[in-house]
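Participant: next one to model:
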Amino acid sequence: MLSIDQIIAHMEREIAQDRLEGRRDELRQIQYAAGMLMRAAEGAGDKDSARRFRLVASQSANLQEEMGD
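Facilitator: Residues are numbered from 1 along each chain as shown. Down below sits the predicted model:
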């Protein structure tokens, strides 16, 4: 079974690759997915996982902003 650690590690690798390749749309998708997983974790009462997904979503959003409109 896939763990939360594996999901977050995968998202972080994708964020790094998307940043290098300038793929804002991919970053937006990661932000959305991380946000959905954050809400799922919150709903399950898993505050630690929710915080971790929030950080991934924030990282993706910040890079999108750095890339400009």
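Participant: ok, which stretches of the chain are helices?
Facilitator: All helices of the chain, identified by DSSP state H, fall at 4-21, 24-43, 47-67.
Participant: got the contact list for the first one?
Facilitator: Under the criterion Cβ atoms under 8 Å, 6 or more residues apart in numbering, residues 23-24, 26-27, 30, 33-34, 37, 49, 52-53, 56, 59-60, 63 lie in contact with helix 4-21. (C-beta placed from N, C-alpha, C; glycine too.)
Participant: and it, what's its mean pLDDT?
Facilitator: Within the predicted structure, the mean pLDDT of helix 4-21 is 98.
Participant: make a PyMOL selection of whichever of the contacts of helix 4-21 turn out to be buried.
Facilitator: The PyMOL command for the buried members of the contacts of helix 4-21 (criterion: 16 or more other Cβ atoms under 10 Å) is given here:
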select buried, resi 23+24+26+27+30+33+34+37+49+52+53+56+59+60+63
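Participant: tell me how far M67 lies from R28.
Facilitator: Look at M67 and R28: by Cβ to Cβ, to the nearest Å, they are 11 Å apart.
Participant: I misspoke; the intended subject was G68.
Facilitator: Distance from G68 to R28, by Cβ to Cβ: 14 Å.
Participant: which of those two has more neighbours?
Facilitator: Neighbours per residue, other Cβ atoms under 10 Å: of G68 and R28, the larger number sits with R28, 14 against 6.
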